[in-house]
Each structure stands twice: as structure tokens, then as C-alpha cells.
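Peer 1: With the sequence up front, the predicted model follows.
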Amino acid sequence: MENNTVANIFNAPELKKRLLFLLGALAVFRIAAAIPIPGINTDVLRQMFAAHENGILGFMNIFSGGALGKFSILALGIMPYINASIIISLVRGAHIFPALDRMHKEGEAGRRKENQITRIFTLFLAALQGSMMTFAITKVEGAGGVAAVVDPSFFFFVTTVLTLCAGTMFVMWLGEQITEKGVGNGISLIIFAGIVDRLPSAIMEVISRVKAGEMDFFMALVIFAAAAIITGLVVWLETAQRQIPVHYAKRQIGNKMYGGQTSYLPLKIDQSGVIAVIFASSVISLPLTIASFNREAAWAQRLMEFMNHNSVWYMGLFSALIIFFCYFYNSMTFNPSDLADNMKKSGGFIPGVRPGEPTKNHIEWVMNRLTFCGAIAVCLISILPDFFRAEFNVDFYFGGTALLIVVGVALDTVSQIQAHLLARNYEPLLKGSKKIKGRWFNVGQ
């Protein structure tokens, strides 16, 4: 299967159908992201984003797949949905509303209700962010005092806010459809598509600057080498594991002896994957995006100066958010107590650790230290290009955050494709077999 993965994909009708749906959905997203809102002077926006390409505006534009730079119908993107999911998870984790806790424990039906609440809250956040962004863009002026909005009337304000809200809900719905009918996580793949769309133009920009003599050839090699090294580090980080040995005691059931084997409990160093980076980017982008569209205001100037994309304060806050969301995600998805109980029920134990509460404490101890190491590594990869850009004036067009998301999502998608192929290879074995007295026998076709 490893040597003919592409051929196997085309030989699997269900997987091919899912991949075609994924490509079609991403194409629809990219087309919609290129449609500007009526009444916007795109030349003024282009000038503003070109002047701040390496700042927070450029970062947010890359993260939105260029939709923010065009102020398109998808300018808000998926960020309101991510922010809503974060807030709902924090509220549930803090046990503020007991009804939300009970809803989460009701299984699939409870999760559907929670998702519906998240969607409604997403609409509220989209309306709030859309209102602030629309008001801010009416104050933007380009060279010669040309306004970014042709006619900043009340009708323009209302229609623009409604359009931005509709765009966010559409992207949210499209992400859910990709998750259900495609391959991979839909929300992550939408962010992935927006970032990848920028990479070819970034490569061509480096090449064109070298040809024009604006950049030294050696510096261009350093940039590409740094991008390759960061990519390799991300691949290692996303696949690295700490394996805890687990022994199973021998048990006699009837005339048969079970157990007596050794297996491993795999714990990923970066358990949260790209989720922590996406959450941190979403949280830090909201106030900075609003401030960047209202640069004349005193509060916006202070905030932009304090949180410059290349400043130490920005790097420190961004790193703190990444570390927080790494621990937060693990606390929501990883339960050492249940793991220790299941291990005890199946007769498993960690050598040198007593079953039950000591096993739970040991797993928790290991996981906390792995999470810390993984979070620090993610922080370093995320802020390294910004540090070089700020300290050595090196034009890194390949941000560490973008590469983390691109590589992480790509690895996750490839693993899901391989899981589909593996399930397809096992399917004929089960179809051509028959269970007799608890054992499987091949009965042919």
C-alpha cells in the first residue's frame, strides 16, 4: 500500500469521492474569498496592506487567505466560530453553567445541542466583529485622502455587516460539510487553503527581488533553508511520541491463558497539534485587526505600538497564549483517570507504578512535562521568523505559524487518507469470511 498510495486512492470509490468533494469545497471557498464587498475601493486597501505587509495586517491577511486584504464577503473568515468555540469550552471547563456540563455528558445528542449554541454565539460574535470592522474601514483613507469606502452611508453599514455575518456562517457550514463528507478537519483545511494560496506568490516575490538586485542571492538561500528546517522540525514535532511501557498480567479464563504481553502507551509531545496555534492566533488577532483599520485613533496607535508584530511584547503574549491553549486542549481531550481505570480493568500496569491512583498521577506527571516541552517547541517555531525579521531585518515570507498550520494539517489529512485505505484493504477480508463458533473462517467469494 505504501508504494502505490496514489493508485489506491483512485481505486477506492468512497475515498475518491471524498477527496473530490474536499477539492470542490476548497475551490468554492477560494472563489468566494475573492469577491469584494460592493462599495469598497480596493486600490486603497491594496496600498494599506502593501505598506504593512510584514506587520500584523500582513499576518492577518495571510491567515484569512487574502480575504481581509480585499475586504471580501469572507473577510471575517472562520475566526468568529473559533472564538465562539474557545469561549464555550472555557465556560464549560470552568463549570459556570451546570446545564452546559450536563449537555456535554449526554453523548451525541448533547454535543449536537452544544454545537447549536456555538453556532448561535458565532453569529453574535460575527455581528459584533463585523460592525466594528465596518465602522473602522469607513475611516480608512489612502494617498491623496481617497476614502476606502465610496459611500459610507447607513445602508452600506447594515448591508456590509449582514454580508460579513453571512460569509462567516457560510464558511462555518462549509467546514462542517468538509469534515462530514470530505477528508480531514474542515475548519483546519479552510485555514490551510488560505495560507497555501499565499505561498506561491511569496516564493515568486523572493525570486523577483533576487533578479532585481533588491535581495542578495545568499540571503534568499538562507530564507529557503530556514523554511525547510522549520518544516522538518514541525514534521518531527507532530510525529514525536513518548512511549510508556505497559505490562499485562497473565490471567486464566477456562482452559486458556490470556495476558502476559507488553505494549506501549503512546503520548504525543504536541498533543494539541495545530489547534493551540490556531486558537492563539484567533484570540490575538481580534483587537489588533480592529485597531489596524482605525489607525488614527489614539487607543489604536497605542495598541499597535505595544503589540507590533515584531515586538517582544507581541512575541511574549503570543507564546503565553500558545502554552495556555496547549494545556487547555489537553485538559479537555485527555483524561488520565479514565486511562488508569481502563488499564486496571484490563490487567495492565506500568512497571514500578501501582495500579489506580498512582498510575493516574504518573501519566499526568509525564503528560504535563511533555505538554510543556511541546508548547515551548511550538512557541519557538512560531516566533523564530518574527525574531529574525525584527533583529536582523531578514524578510521571512514563510512565517513559523503558517508553516506549523500547513504542515500539521497536511500530516493529519494524510494520516486520515491512510486510515481510509487501510480500512478498505481489511473490508474484503471480512466480507469473504464467516464466523463459526467464535472464530473467522475464509469462505471464498
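Peer 2: Structure's in. What do you need?
Peer 1: Tell me which stretches of the chain form strands.
Peer 2: 241-248, 251-253, 256-258, 262-268, 348-349, 433-436, 439-442 (DSSP state E).
Peer 1: low pLDDT regions in the stretch 101-250 of the chain?
Peer 2: 143, 250 (pLDDT under 70).
Peer 1: need the helices for it, in chain order.
Peer 2: For the stretch 101-250 of the chain, the helices defined by DSSP state H, counting those that start in this stretch occupy 108-137, 154-181, 186-196, 199-211, 217-239.
Peer 1: which one of those lies closest to residue 407?
Peer 2: Closest of the helices of the stretch 101-250 of the chain to residue 407 is helix 217-239, at 4.1 Å (criterion: CB to CB). (C-beta placed from N, C-alpha, C; glycine too.)
Peer 1: how far does that closest one sit from the chain's center?
Peer 2: Its chain's average C-alpha position is 20 Å from that of helix 217-239, according to CA atoms, centre = their mean, to the nearest Å.
Peer 1: Which strands or helices does that helix pack on?
Peer 2: Applying 3 or more CB pairs under 8 Å, 6 or more residues apart in numbering; DSSP states H and E, we find helix 217-239 packed against helix 199-211, helix 357-392, helix 400-431.
Peer 1: Next, format the ones you listed as JSON lines and append distance to residue 76 and mean neighbour count.
Peer 2: JSON lines is the format used below for those (distance: least, CB to CB, whole Å; neighbours: other CB atoms under 10 Å):
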{"stretch": "helix 199-211", "distance to residue 76": "23", "mean neighbour count": "14"}
{"stretch": "helix 357-392", "distance to residue 76": "23", "mean neighbour count": "18"}
{"stretch": "helix 400-431", "distance to residue 76": "18", "mean neighbour count": "17"}
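Peer 1: Residue 237 is nearest to which of those?
Peer 2: Of all the helices and strands packed on helix 217-239, it is helix 357-392 that lies closest to residue 237, at 5.4 Å by CB to CB.
Peer 1: State the mean pLDDT of the closest one.
Peer 2: Averaging pLDDT along helix 357-392 gives 83.
Peer 1: and the angle from it to strand 262-268?
Peer 2: Using axes from the mean of the first three to the mean of the last three CA atoms, to 10 degrees, the inter-axis angle of helix 357-392 relative to strand 262-268 is 40 degrees.
Peer 1: so helix 357-392 versus strand 241-248, what angle?
Peer 2: Using the same axes, to 10 degrees, helix 357-392 lies at 170 degrees relative to strand 241-248.
Peer 1: From the chain's centre, how far out is helix 357-392? Work that out for me.
Peer 2: 17 Å.
Peer 1: What helices and strands are in contact with that helix?
Peer 2: Secondary structure elements in contact with helix 357-392, counted by 3+ CB pairs under 8 Å, 6+ apart, are helix 217-239, strand 241-248, strand 262-268, helix 275-292, helix 312-333, helix 336-345, helix 400-431.
Peer 1: Of those, flag the one that's most buried.
Peer 2: Among the helices and strands packed on helix 357-392, the stretch with the highest mean neighbour count (mean count of other CB atoms under 10 Å) is helix 275-292, at a mean of 22.
Peer 1: Convert that one to CSV, retaining C-alpha atoms only.
Peer 2: Provided in CSV are the C-alpha atoms of helix 275-292 (Å, rounded to 0.1, in the frame of the first residue of the first chain):
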residue,chain,number,x,y,z
ILE,A,275,-5.3,23.7,17.4
ALA,A,276,-3.3,25.7,20.0
VAL,A,277,-1.7,27.8,17.3
ILE,A,278,-5.0,28.5,15.6
PHE,A,279,-6.7,29.4,18.9
ALA,A,280,-3.9,31.7,19.9
SER,A,281,-3.8,33.4,16.5
SER,A,282,-7.6,33.9,16.6
VAL,A,283,-7.6,35.4,20.1
ILE,A,284,-4.7,37.8,19.5
SER,A,285,-6.0,38.9,16.0
LEU,A,286,-9.3,40.3,17.1
PRO,A,287,-8.2,43.5,18.8
LEU,A,288,-5.3,44.1,16.5
THR,A,289,-7.4,43.7,13.4
ILE,A,290,-9.9,46.3,14.6
ALA,A,291,-7.1,48.7,15.7
SER,A,292,-5.3,48.3,12.3
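Peer 1: That one versus helix 312-333: what angle between them?
Peer 2: Helix 275-292 and helix 312-333 are oriented at 140 degrees to each other (the same axes, to 10 degrees).
Peer 1: average pLDDT across helix 275-292?
Peer 2: 77.
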